[in-house]
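> below is the sequence, then the predicted model.
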Amino acid sequence: MKCTLSNPDLGIMLYPGSMVDIILHMLAAYEFTGQQKYIERADDFGRQAVEIFVDEDSPLRKISSEVDHYEAITGGDNLVIALLKLWVMKERHGAKRGW
């Protein structure tokens, strides 16, 4: 089965929780298969999430790709946890692609 890689559609409103799901699924696939492509893809999604939801002027994540304030219900807090898990796994497994 061939997997087609795609990126989040920036034409619609995105929420941090959706990116959390993608990152954690890629990390689970990596843990299950050991295939480097999954941790690399998790890293790609992590970078995109930081670009979309992290504002250097605020320690809080944005509510969505189109709204600048913070609300916990959209998963901004979980995004930080997913990014930390990604970092730990990259360090543990030597999958360094640098941020």
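Perfect, thanks for sending it. Numbering: from 1, shown residues only.
> does residue 40 belong to a helix, a strand or coil?
Three-state assignment for residue 40 (DSSP: H, G, I helix; E, B strand; the rest coil): helix.
> can you tell me how far it sits from residue 76?
If you measure residue 40 against residue 76 using Cβ to Cβ, to the nearest Å, the figure is 24 Å. Bear in mind the C-beta positions are built from the backbone N, C-alpha and C, glycine included.
> of these two, who's got more company?
Each of residue 40 and residue 76 has its neighbours counted (other Cβ atoms under 10 Å); residue 76 has more, 23 against 14.
> element containing the most centrally placed residue in the chain?
Among the residues of the chain, the one closest to the centroid is residue 46, at 3.3 Å (Cα atoms, centre = their mean). Using DSSP states H and E, the element containing residue 46 is helix 36-53.
> by contact count, what packs against the helix or strand just after that helix?
Downstream of helix 36-53, the first helix or strand assigned by DSSP H and E is helix 76-93. On a contact count with 3 or more Cβ pairs under 8 Å, 6 or more residues apart in numbering; DSSP states H and E, helix 76-93 meets helix 16-33, helix 36-53.
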